[in-house]
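In: Sequence plus predicted model, see below.
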Amino acid sequence: MKYASVKELNGRPRMAEALPLAMQHVVAMIVGCVTPAIILAGVAGVDPADQIRLIQAALLVSGIATLIQLFPWGRYCGSGLPVIMGASFAYIPLLISLGSRFDLPTIFGAQLAGGVAAVAVGLFYKRLTKLFPPLVTGTVVFTIGLSLYPTAVNYMAGGEGAADFGSPRNWLVAMVTLAIVLFFNYFTKGICKLASILMGMIFGYILALVMGMVSFENVGSAGWFQFTMPLHFGMKFEFTSIVSMLIMYIVSSVEAIGDFTSTAGGGLDREPSDQEMCGGIIGNGVASIIGAFLGGLPTATFSQNVGIVTMTKVVNRCVLGLAAVIILIAGFVPRFASLLTTIPSCVLGGATVSVFAMITMTGIKLITKEELTARNTSVVGLSVALGVGVIQAGGCLALFPDWAKTIFGESAVVIATISAITLNLLLPKSEEDEVSEPAAACSHTSSGISEV
């Protein structure tokens with residue numbers, strides 16, 4: 001049998017080559033994939049058994065979403081590009097607000113509607129991208145990053161509501177974890193650099209273990225195999241939650257264009273075709289619909305895996321497909337998921353604060369792809385001011401109807417998105433804006449909002 005090269009998109013390579021390359025992708029994404037589920041479980045106050053199920057579902061849906069992208073269903077469901085999918089950090093601010101105000105069934109009902117919206121975006125993405133130039137998407141990504149900072153700091157302090165919240169030992173473990181992440185990210189190369197978040201969490205976890213901060217109470221009772229039945233968490237449809245999720249899905253779908261472009265350009269030395277782009281967005285929408293039934297959170301392309309493809313030029317779909325299968329298998333093992341729940345909050349905070357900072361800076365990079373004229377500065381400044389300001393000024397919408405408070409008063413991203421799109425359409429452009437816009441549009445690349 002003639003084996004294909006790992007640098008060829010199609011064909012079957014040798015297992016001895018494929019397995020270590022697949023594991024590299026798994027190691028790079030595994031922590032980022034399960035962290036949103038851990039954060040949401042803490043906010044929603046679910047019991048330990050359901051927390052394990054949420055983590056399992058995150059892995060399971062990530063594997064399914066990756067396989068859909070690698071091996072498309074028909075012409076328009078999946079991109080066929082070498083990408084790895086996982087639970088997205090971009091949705092965390094909205095998930096936190098919905099999880100604290102409502103419950104998990106309401107989140108999954110809104111996610112189902114959001115998945116349908118993503119499919120619609122895939123069908124009409126060419127027209128919608130005109131509403132999201134780098135100035136607008138950069139403003140949205142910047143706001144997402146700012147919205148995540150309180151989450152990271154609360155986790156670094158030990159997790160809101162914890163008996164030892166704000167204790168020196170929590171901050172010690174968090175800062176050591178952050179230092180390890182920075183060391184591996186900036187002073188090492190290869191897989192250690194790509195897996196810097198994982199390395200930080202391993203060392204932080206060991207330190208927390210030595211300090212007696214880790215409990216294995218739930219690990220021993222977890223089994224080796226478990227399949228959670230669809231709709232285990234239930235599903236409810238609440239109008240205001242759906243509206244908020246629709247906005248987030250539209251933004252995320254447009255942002256996916258950046259990662260698909262980066263993957264095709266960096267790994268295949270070409271631009272993605274219209275069919276690949278359309279299929280990629282639709283495939284992500286279908287994966288989110290499946291996730292709503294299985295209890296998995298919204299997925300997105302993982303930018304660190306895009307980076308691996310770009311750096312190594314390993315684009316073989318069977319290699320990444322093997323990684324997806326490994327992720328799927330992990331999703332059926334409750335003991336593995338329960339082990340992840342023992343990670344102390346301060347370790348999670350120390351590991352993810354650098355990711356949230358990077359998301360914010362990615363937003364700034366996107367914004368500065370266009371000239372910061374008086375008009376563009378107003379679009380960015382006013383949108384961020386309204387989005388972040390309303391959330392920080394608690395009670396400023398107190399006399400509004402409940403539906404308005406839910407849509408506009410729970411997530412800074414929703415207000416910032418609506419404001420940025422509206423201002424960008426209404427404010428007149430000067431000659432300077434007209435000249436800079438085409439160049440900026442050509443360089444609209446990955447946002448990195450799913451990276452960890």
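Out: Ah, there it is. Residues are numbered from 1 along each chain as shown.

In: these two touch, right, residue 81 and residue 69?
Out: Yes: with contact defined as Cβ atoms under 8 Å, residue 81 and residue 69 form a contacting pair (6.7 Å). No exception for glycine: its C-beta is placed from N, CA and C like everyone else's.

In: The two: which is more packed in?
Out: residue 69 (31 against 28; other Cβ atoms under 10 Å).

In: so that one is in which element?
Out: Here residue 69, judged by DSSP states H and E, is contained in helix 48-70.

In: Name the strands paired with whichever helix or strand comes after that helix and say parallel or antiparallel.
Out: The C-terminal neighbour of helix 48-70 among helices and strands, as given by DSSP H and E, is strand 85-87. Looking at strand 85-87 with DSSP bridges, its partner strands are strand 299-301 (antiparallel).

In: quick one: contacts of the partner strand?
Out: Here strand 299-301 makes contact (Cβ atoms under 8 Å, 6 or more residues apart in numbering) with 61-62, 65, 69, 83-88, 90, 252, 255-256, 259-260, 263, 284, 287-288, 291, 449-450.

In: before we move on, the earlier item: going by neighbour count, list what's buried in the helix holding residue 69.
Out: 50-70 (16 or more other Cβ atoms under 10 Å).

In: With stretch 176-190 instead?
Out: Applying a neighbour-count criterion of 16+ other Cβ under 10 Å, one finds 176, 177, 178, 180, 181, 184, 185 buried in stretch 176-190.

In: CA atoms of that stretch as PDB?
Out: Provided in PDB are the C-alpha atoms of stretch 176-190 (Å, rounded to 0.1, in the frame of the first residue of the first chain):
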ATOM      1  CA  VAL A 176       3.400  30.900  39.500                       C
ATOM      2  CA  THR A 177       1.000  29.400  36.900                       C
ATOM      3  CA  LEU A 178       1.100  32.600  34.800                       C
ATOM      4  CA  ALA A 179       4.900  32.800  35.100                       C
ATOM      5  CA  ILE A 180       5.300  29.200  33.800                       C
ATOM      6  CA  VAL A 181       2.900  30.000  30.900                       C
ATOM      7  CA  LEU A 182       5.000  33.000  30.000                       C
ATOM      8  CA  PHE A 183       8.300  31.100  30.300                       C
ATOM      9  CA  PHE A 184       7.200  28.300  27.900                       C
ATOM     10  CA  ASN A 185       5.600  30.700  25.500                       C
ATOM     11  CA  TYR A 186       8.600  33.000  25.100                       C
ATOM     12  CA  PHE A 187      11.700  31.000  26.100                       C
ATOM     13  CA  THR A 188      11.000  27.600  24.500                       C
ATOM     14  CA  LYS A 189      10.300  26.300  21.000                       C
ATOM     15  CA  GLY A 190       8.200  23.500  19.300                       C
END
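
In: So, low pLDDT: which residues of the stretch 301-450 of the chain?
Out: The model of the stretch 301-450 of the chain has pLDDT under 70 over residues 303-304, 307-308, 311-312, 340-341, 431-450.

In: hang on, the earlier thing: can you work out which residues contact both of residue 81 and residue 69?
Out: Common neighbours of residue 81 and residue 69 (Cβ under 8 Å, 6+ apart) are residue 280.

In: Please name the residues that touch the residue lying closest to residue 283 once chain neighbours are set aside.
Out: Leaving aside its chain neighbours, residue 283 sits nearest to residue 78 (4.0 Å; criterion: Cβ to Cβ, 6 or more residues apart in numbering). The contact partners of residue 78, by Cβ under 8 Å, 6+ apart, come to 68, 69, 70, 71, 72, 279, 280, 282, 283.
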